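Novice: give me the fold of what follows.
(2 chains)
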Protein chains: 2
Amino acid sequence: MPKTASQLGEHGLLKILQQYCSPVVGDDAAAMGSTLINHQMVVTTDMLVDEVHFSDRTTSPEDVGWRAAAVNLSDLAAMGAKPWGMVMSIGLPSNTEIDWIEGVYRGFQECLQTYGSELVGGDTVRSPIRTLSVTAFGQVPIDRLIQRHTATIGDALVITGNHGLSKAGLELLLHPEQYPNLADSKDFRQELQRYHQRPTPRFDAIAILDNIYQTLIKESANLPAHPSELVLSGMDSSDGLADAIAQICRASQVGVKIDWSALPISDAIKSLAGDRAFDWVLYGGEDFELVLCMPWQIATKFVQQLPTSKIIGEIIDKNSEDNQINKLEMRSTFQHF
Amino acid sequence: MPKTASQLGEHGLLKILQQYCSPVVGDDAAAMGSTLINHQMVVTTDMLVDEVHFSDRTTSPEDVGWRAAAVNLSDLAAMGAKPWGMVMSIGLPSNTEIDWIEGVYRGFQECLQTYGSELVGGDTVRSPIRTLSVTAFGQVPIDRLIQRHTATIGDALVITGNHGLSKAGLELLLHPEQYPNLADSKDFRQELQRYHQRPTPRFDAIAILDNIYQTLIKESANLPAHPSELVLSGMDSSDGLADAIAQICRASQVGVKIDWSALPISDAIKSLAGDRAFDWVLYGGEDFELVLCMPWQIATKFVQQLPTSKIIGEIIDKNSEDNQINKLEMRSTFQHF
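Specialist: Purely as a prediction, here's the structure:
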């Protein structure tokens, strides 16, 4: 039995990978089904590199695949879009174990099936470093696109869930010895690690916004075709909660007043991070929650229907002395390079 | 002035790259314009790795960018599609020179502008090896998709241009000392090298097929909605002419009889390759011509309108003793790994 990519050869490898693909694969490009009327295409792409974005020390191949899919799906959710199809290219050293490759595709497919997408194409190439590149397509009704630059003064600032948990999971994976009090609570440890290894794109939040939109239309027959009160702003918090808030405010040329007492800090974060708890919540990153700005009327309905969500502040004039953007950005010197 | 990616930092780099992007860039994903009615989306992706798919010895950064765009555009042309938008992710070592990065984007943009596409998104990440990953989207009328599995017995086998020229260009770049008789003919050398460095996606062929289709519709008011005589089969010859013919025949479960006397071998190939001329033409690869199977009626019109194209054979029963697939495949043990 061949064990590595070079032993298997390209055709052998493709044969194995085809079981994870939609049947359309085989031509120079994949032809995808027709698009929906009155919808826009949305596209996003991410490259993941071994020892930069994942590591054998912290991430199983299945989790690498799941994450590669989930980070892209989260970008679609952040635009208000529903997933459609995906392509994944993979660069592999010759001695990469087939078990690892198959694990990646298994995890990838698991995530796609969970959220109703499918793999429609890709490329396999030789590379000195394991590299994944995923591109995801989605569709969103033309008047329901969520963008960063449309936040309006008076909007409520809403998060779909707790932050800092992915950071906590990563800490436990990298430095288990620093948290000996967790030695006996395996379930708790695994739950936190799972936040890091298996991020959840928040399509449930998009579905709830859909519901609210439909209800508003029913309640008000006079609702305009493009009701401005339904233009949401937002993005995901993959680069950290503080970064997301700052980016929305900068793009929309507004300020923000955060209700610090409303910002949820889970007991897990408190016990693990101690006095760094706020730091983990604001700058931990990779939580893949949605950070949304919406009229209070909608925000109130939204948090009722999505129990994990919370209103944590309000969009204000950027020249107001209550504007906290500078405070949030103080630590935002994070650089990928 | 910063000279490398790490000196510039991610935000600085993104600022430079934004001048090559469509203005839609900035959100988690790019929202693309509405799709055309009665068209299908087509998507393709390629990963290019330093010292595997390009090299500073043979390829300027501008050519790396052009090629990255062109190989994907060629895949769209091979499906009969017209280009729409593209995303490019780039993985870079910290010490990558900004001049190189900008050169890549310049060449990429030049190619996109030439063929009417635009860059709508991407990702920049740290990587130990320079890596590009490009995904291209196109649209094709639903009944005009070109696929590999639809070749029909009796079809003419058509190529849109000469083969082996990219291989010749690469040889001249890698081993100039082996071709001393070219020392004085700089223009000739550069022309051949250009075939390798600046491949041309054959959208001109697709436009001509469009014309022929429109004319046929005008000539025959009774033409059925999905005329079977207009179902073309084909792919591009990026992995070599022999490989393309073999793949189409295998997918369509047909055979092929090649008219060897009709197969064009340019004088350049004859003089450079000597008795390896056939080898370069059939297995050289990276020519990015289209290999198409179509009814003779259409093929005759096609080669009249596209002077570089040629009918080089016919699709026959796979069990016919004239079938030359085995002969073609004899050398096709090429493996990427």
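Novice: ok, and the closest non-adjacent residue to the closest residue to chain B within the stretch 51-200 of chain A?
Specialist: Nearest residue of the stretch 51-200 of chain A to chain B (CB to the nearest CB) works out as residue A:133 at 3.5 Å. For the C-beta atoms, the positions are set from N, CA and C on the backbone; glycine is no exception. Excluding its sequence neighbours, the residue lying closest to residue A:133 (CB to CB, 6 or more residues apart in numbering or on different chains) is residue B:133, at 3.5 Å.
Novice: paired strands for the helix or strand harbouring that neighbour, with orientation please.
Specialist: Assigned by DSSP states H and E, residue B:133 falls within strand B:131-141. Strand B:131-141 sits in its sheet next to strand B:39-49 (antiparallel), strand B:82-92 (antiparallel), going by DSSP bridges.
Novice: model confidence for the residue nearest to residue A:133, exactly?
Specialist: For residue B:133, the pLDDT comes out at 97.
Novice: for residue A:25, same thing?
Specialist: Residue A:25 is given a pLDDT of 53.
Novice: same thing with residue A:28?
Specialist: 69.
Novice: who are the contact partners of residue A:81?
Specialist: A:42, A:138-140, A:145, A:206, B:29 (CB atoms under 8 Å, 6 or more residues apart in numbering or on different chains).
Novice: now do the contacts for the residue in the stretch 151-300 of chain A positioned nearest to chain B.
Specialist: Nearest residue of the stretch 151-300 of chain A to chain B: residue A:235, at 5.3 Å (CB to the nearest CB). For residue A:235, the contact set (CB under 8 Å, 6+ apart) comprises A:78, A:146, A:148, A:244, A:247-248, A:290-291, B:27-28.
Novice: residue A:87 reaches residue A:118, doesn't it?
Specialist: No. In this structure, residue A:87 is not within contact of residue A:118 by CB atoms under 8 Å, at 10.5 Å.
Novice: neighbour count winner among these two?
Specialist: residue A:87 (25 against 18; other CB atoms under 10 Å in any protein chain shown).
Novice: sorry, back to before: beta partners of the residue of the stretch 151-300 of chain A closest to chain B?
Specialist: Beta-bridge partners of residue A:235, as defined by DSSP bridges: residue A:291.
Novice: from residue A:77, how far out is it?
Specialist: In this view, residue A:235 and residue A:77 are 10 Å apart by CB to CB, to the nearest Å.
Novice: any shared contact partners between those two?
Specialist: residue A:290.
Novice: still on that earlier bit, the residue of the stretch 51-200 of chain A closest to chain B against residue B:49, yeah?
Specialist: No. Residue A:133 is beyond contact range of residue B:49, at 10.9 Å (criterion: CB under 8 Å).
Novice: what comes up buried for stretch A:210-220?
Specialist: Buried residues in stretch A:210-220, counted by 16 or more other CB atoms under 10 Å in any protein chain shown: A:212-213, A:216.
Novice: tell me the mean pLDDT over that stretch?
Specialist: Rounded mean pLDDT across stretch A:210-220 is 83.
Novice: distance from the chain centre to that stretch, please.
Specialist: 26 Å (CA atoms, centre = their mean, to the nearest Å).
Novice: what does stretch A:161-175 give?
Specialist: 15 Å.
Novice: at which residues are the helices of chain A located?
Specialist: A:5-18, A:61-78, A:98-115, A:165-174, A:186-197, A:203-219, A:241-252, A:267-273, A:277-283, A:296-305, A:325-329 (DSSP state H).
Novice: and the strand holding residue B:133, C-alpha only, in PDB?
Specialist: Taking Å, rounded to 0.1, in the frame of the first residue of the first chain, the C-alpha atoms of strand B:131-141 are listed here in PDB:
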ATOM      1  CA  THR B 131       3.100  30.600  -3.600                       C
ATOM      2  CA  LEU B 132       0.300  31.900  -5.700                       C
ATOM      3  CA  SER B 133      -3.200  30.600  -5.800                       C
ATOM      4  CA  VAL B 134      -5.600  31.900  -8.300                       C
ATOM      5  CA  THR B 135      -9.300  31.200  -8.700                       C
ATOM      6  CA  ALA B 136     -11.200  32.400 -11.800                       C
ATOM      7  CA  PHE B 137     -14.900  32.700 -12.500                       C
ATOM      8  CA  GLY B 138     -16.600  32.800 -15.900                       C
ATOM      9  CA  GLN B 139     -20.000  32.500 -17.400                       C
ATOM     10  CA  VAL B 140     -21.100  30.400 -20.300                       C
ATOM     11  CA  PRO B 141     -24.600  30.100 -22.000                       C
END
